[in-house]
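S.K.: Sequence first, predicted coordinates after that:
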There are 4 protein chains.
Amino acid sequence: MTEYAFKKTGRELSNWGRWGDDDERGTLNFVTPKTVKEALTSVRTGLRYELSIPVGAEGPQTGWMRRINPLHTMTVTPHDFSAPEGLVVSDDFITMPLQSGTQLDGLTHVGYDGAFYNGVPADAVTPARGATRNAIDASLPGFTGRGVLLDVAALEGGEWLPAGRSVTVADLERAEESAGVRLRTGDALLVRTGWLRKGLTEGWQDWLKEEPGLDPACARWIHDRELAMVACDNWGVEVQPASDGLIPLHAVLIRDMGMMLGEMWQLDDLAEACRADGHWDFFLTAAALRITGGVGSPVSPVAVR
Amino acid sequence: MTEYAFKKTGRELSNWGRWGDDDERGTLNFVTPKTVKEALTSVRTGLRYELSIPVGAEGPQTGWMRRINPLHTMTVTPHDFSAPEGLVVSDDFITMPLQSGTQLDGLTHVGYDGAFYNGVPADAVTPARGATRNAIDASLPGFTGRGVLLDVAALEGGEWLPAGRSVTVADLERAEESAGVRLRTGDALLVRTGWLRKGLTEGWQDWLKEEPGLDPACARWIHDRELAMVACDNWGVEVQPASDGLIPLHAVLIRDMGMMLGEMWQLDDLAEACRADGHWDFFLTAAALRITGGVGSPVSPVAVR
Amino acid sequence: MTEYAFKKTGRELSNWGRWGDDDERGTLNFVTPKTVKEALTSVRTGLRYELSIPVGAEGPQTGWMRRINPLHTMTVTPHDFSAPEGLVVSDDFITMPLQSGTQLDGLTHVGYDGAFYNGVPADAVTPARGATRNAIDASLPGFTGRGVLLDVAALEGGEWLPAGRSVTVADLERAEESAGVRLRTGDALLVRTGWLRKGLTEGWQDWLKEEPGLDPACARWIHDRELAMVACDNWGVEVQPASDGLIPLHAVLIRDMGMMLGEMWQLDDLAEACRADGHWDFFLTAAALRITGGVGSPVSPVAVR
Amino acid sequence: MTEYAFKKTGRELSNWGRWGDDDERGTLNFVTPKTVKEALTSVRTGLRYELSIPVGAEGPQTGWMRRINPLHTMTVTPHDFSAPEGLVVSDDFITMPLQSGTQLDGLTHVGYDGAFYNGVPADAVTPARGATRNAIDASLPGFTGRGVLLDVAALEGGEWLPAGRSVTVADLERAEESAGVRLRTGDALLVRTGWLRKGLTEGWQDWLKEEPGLDPACARWIHDRELAMVACDNWGVEVQPASDGLIPLHAVLIRDMGMMLGEMWQLDDLAEACRADGHWDFFLTAAALRITGGVGSPVSPVAVR
């Protein structure tokens, strides 16, 4: 029986031990005070873009893997609360899958052959305690630094790439060239496929079934550029369906390289601003919630141009 | 019957209409591309501090107002998932009050006399739809700019201020002087009372019953300095119990001035770093989750020094 | 403007004050020790039928009114728990709309013109406290007594009645005659339309959009027979869409008469047993969960034949 | 190393295979049409007693094993809903541990040495699917039949037995004699220790830390009497702390004998009624919610005297 190709790639690109045997942060180690400071030079106008979709009932989830859309309920409204001074108070509550919308995948989201990043055994995730190692809170303070947006959808001239379209290394390099920017150590790569735009305009029906996305072969390029993080506007970063196992790029990036992935990021407004003035890099902050034992997290990424 | 004093203050400091009749962002309007860019000069080392406490069962909540501690459950663990390639997958879920830990209060959290900020009627918050105006998602992209930490607890020489201790304008100005910094338009003020440190070291028992915090008279000072946001390491920003209604400072800051408040921010590590090199300002990012109809939100604030 | 017809009916059939001004049990008052004892004679074989559909992700809900299907999560599984004696323990959790499956509607589920049953004002239901009067826990010990199943679907000769088909008084009386039974004071009427069978066999897609069900004119018949409760195998008891307001039969039965309704009861197996031996009455127990402030409740009704 | 004594007892009392290798109902098999019909003779007055405590925020849970008290939220209240006919509608939601109050323990709640009742392997319970065998829904239609209340607390002359007090076989037989009743095949045994009364009157503080309850030696007696179910008014049926492992009686009753246990049943009112007329048996119905993959379930048991 032939081995899955991604496992060979994973061995070659492995960062296990690179930052110590107990490291739980993986490629976020590429973020250093130096890269953070350098990233400040990407701020030109001071204009800001927050990159999330609404958290609520109108989201893309359909119940697959019990991923429902977030359920927001009120526990106190002005109708409930009375105080002599006429105070009105509201308070609220959320019930949500941590990966139901704009999110970060932590380092226990995906592994294979019994292990997560850095050799953490599969048993380190338990129903009662969640991720006892490699948890999402180990990623804090998260990503801060230079983000670079590669708008592959625009390069292709359409609103969105078709489902199943692989974004290749050639696409990424063409986009770099077009943007006049080169990804480097500690950067966050943001790839726009337009797939989120499709869901937002045409509805979520069938949206989660397939998608355009990164080709598994991008792993080596991402590795060589020493990127800290990759985030996309599709639901799963990589092209789906895949041909070498279910999610071969997740497997290599998260498990072998120790990279947090961003999914369902809203890159449309940011892309429009970049297109307008020709600058495709910016200062980016993306920090998970500090969830004890968490695997993933909703996130509100902020880009300052 | 004498009117509550805070209402007179509220009328004097009111920002209603200041940024338009439909404005839902209040003092976040003080954040401009200019203040954002100026704040970059507060980055000296590139070192980062994330200011949240853990989101999980060990939090400070005791069930008051049905504020339980966040409940994290696993929906998929490696024990569940099998695929031919040996993939292991984890997925998780959270159920939490939006104001159970490190958080932001949105502009429908507190109002009085039938209205929230900018004259939004109390009825704008409904059980089924949440905040139909002034919702937390209107605050996005949230705060970005210069943060200044005033460590009043340290000035007083103890680990934490005692419960009921009012932090006065004199305290704030003494702290400014000591820090060699002056708060200005568009800044976020972070006040350290040490109260969170008390909870983290001595346990949460009785922690929510009272607290040291800002004196209601600080409202005018905050207004005059044109601050964008105030956040503290206690559970409710203002001293508790209060003597002029339940939460007079909330009432004025949130309802009259339109200011988002930050609560239960972990300022200890940041304070230690500031103390070490004598710089008390930094670049701060704090963005709510984009919760449709949300009143409050958990937040992972990031300070870059 | 012409008044809605159901309001006139409601006034005529009103039970307000019939069992006292503070009564919160409505037609459950027809259940007496005498009717309970008499109902024992309906037990012939001792065979039992539980009348609920599965509580879980495969249920009929689609998110309308935020009614999602129940979400069941494990908080402890054998993988988590270890003790010297080799103990294994499981523990679990549910998050569910109280009316997402086989259920009871309590007396604050539906009202009109500012009032619920017995003149309880609409304001008696608050976001923070739920139903402060007429709550579902006031219905306990619930219904116990004689249940009678009228299988209108079978009388019509098909598997299920078509959507929009009104079940009339004539249908009910024809079914009574066919069953050789006459509904009387304190009985629970169970009507089988076959609509649940349709959902279970053809899928829930579109299932909640319309349904066959009781004609509003049945209210008077139900009133005259002094029934304690009505339950059906459709999702909302009454025919949908209705022509005299949205849910005119709910309005009269729940608000004016004070009757708890049962919805999405699985009556197929019970009907088959009744058909087999020609006895259509049985001893029935249906008790809500004792939810403080609850409006509705899941229920596991048990029929003993 | 000496084996735990309960394991030897478990082997001796094992019902594995007794009702077939695939049986998932255990001692509920003692309930037959015959025992159901015989139980009808225990109805004397037709008066009913529902045996649950309130489901809500005031419950006994303190967060141990993430067992919080049920959280009830409103998703629709009259303030939200408007329709031309003046309709008012309420709808609600619950988030709760399935074993947080008056409950049934299913047959995957407790096992040992890698197995649950009838040899079901521990792995049959998974985080994503819950109990794939021996689930609580397999217990439906649950218990119906004769219940017998043994009020050991009253026999001892106090309001409640002290924590740590073992209820022995001698106690049970003394109570039987005093009640003039003898437990037999297919009965449900209800034991009143008064411990719930203590919690309801003195508060839940420390209530879950220990309890009076059945001695492990009662297992054999329960086995020999061929009881279908045991339920108590304490939180865990058996005396706590135990001396032979953590919960030796659970281990034998649930895992070896296949018996569902009832916990936190409110037996006070029923006991008072029994005491008044000297009849300690009744017709009892107790059915779990039909939770797919469920381990435990809240329950509203109904006794008809």
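M.R.: Cool, the structure landed.

S.K.: Can you tell me how far the spatially closest residue to A:Q99 that is not a sequence neighbour is from A:A287?
M.R.: Excluding its sequence neighbours, the residue lying closest to A:Q99 (Cβ to Cβ, 6 or more residues apart in numbering or on different chains) is A:G296, at 4.1 Å. No exception for glycine: its C-beta is placed from N, CA and C like everyone else's. Using Cβ to Cβ, to the nearest Å, we find A:G296 at a distance of 13 Å from A:A287.

S.K.: A:M257 too?
M.R.: 20 Å.

S.K.: before we move on, what about A:T62?
M.R.: For A:T62, the distance to A:A287 - Cβ to Cβ - is 28 Å.

S.K.: before we move on, what about A:H109?
M.R.: For A:H109, the distance to A:A287 (Cβ to Cβ) stands at 17 Å.

S.K.: List the contacts of the nearest residue to A:L28 once chain neighbours are set aside.
M.R.: Leaving aside its sequence neighbours, A:L28 sits nearest to A:A228 (Cβ to Cβ, 6+ apart; 5.6 Å). By Cβ atoms under 8 Å, 6 or more residues apart in numbering or on different chains, the contact list for A:A228 reads A:T27, A:L28, A:F30, A:V31, A:T35, A:F143, A:G145, A:G186, A:D187, A:A188, A:M259.

S.K.: Apply 7 Å and report the result again.
M.R.: A:T27, A:L28, A:F30, A:V31, A:F143, A:G145, A:G186, A:D187, A:A188 (Cβ atoms under 7 Å, 6 or more residues apart in numbering or on different chains).

S.K.: Next step: the residues you listed restricted to strands.
M.R.: Within these, residues falling in strands by DSSP state E are A:F143, A:G145, A:A188.

S.K.: Closest one to chain D out of these, please.
M.R.: Checking the ones in strands among the contacts of A:A228 against chain D with Cβ to the nearest Cβ, the nearest one is A:F143 at 29.1 Å.

S.K.: Next one, pLDDT for that closest one please.
M.R.: As predicted, A:F143 sits at a pLDDT of 98.

S.K.: For it, give its distance to B:R48.
M.R.: Distance, A:F143 to B:R48, by Cβ to Cβ: 10 Å.

S.K.: got any ranges where chain A has weak pLDDT?
M.R.: In the predicted model, chain A carries pLDDT under 70 at residues A:1.

S.K.: A:N29 and A:G111, how far apart?
M.R.: Here the criterion is Cβ to Cβ. By it, A:N29 lies 19 Å from A:G111.

S.K.: before we move on, what about A:G147?
M.R.: 27 Å.

S.K.: Any idea which residue is closest to the centre of chain A?
M.R.: A:G262 (0.2 Å; Cα atoms, centre = their mean).

S.K.: Double-check that one against A:M229; I have them as touching.
M.R.: Yes - the pair A:G262 and A:M229 passes the contact test of Cβ atoms under 7 Å, sitting 6.5 Å apart.

S.K.: Can you pull the phi/psi pair for A:E50?
M.R.: Backbone torsions of A:E50, given as degrees, to the nearest 10, read phi -100, psi 140.

S.K.: ok, it - contacts?
M.R.: Residues near A:E50 by Cβ under 7 Å, 6+ apart: A:S300, A:V302, B:L140, B:P141, B:G142, B:A287.

S.K.: Derive a ChimeraX selection command for the buried subset of those residues.
M.R.: Buried members of the contacts of A:E50, defined by 16 or more other Cβ atoms under 10 Å in any protein chain shown, are picked up in ChimeraX with:
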select /A:300,302 /B:140,141,142,287
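
S.K.: Which residues of the stretch 101-250 of chain A lie near chain C?
M.R.: Residues of the stretch 101-250 of chain A lying near chain C by Cβ under 7 Å from any Cβ of the partner chain: A:T126, A:P127, A:A128, A:R129.

S.K.: And chain B, is the helix or strand harbouring the residue nearest to the centre of chain A touching that?
M.R.: Element membership for A:G262 (DSSP states H and E) is strand A:261-263. No - using Cβ under 7 Å from any Cβ, strand A:261-263 stays clear of chain B, coming no nearer than 12.6 Å.

S.K.: So what does A:A170 look like in phi/psi?
M.R.: Reported as degrees, to the nearest 10, the phi and psi values for A:A170 are phi -60, psi -40.

S.K.: who's in contact with the residue of chain A most remote from its centre?
M.R.: Relative to the C-alpha centroid of chain A, counting by Cα atoms, centre = their mean, A:P84 is the outermost residue, at 47.7 Å. By Cβ under 7 Å, 6+ apart, no residues touch A:P84.
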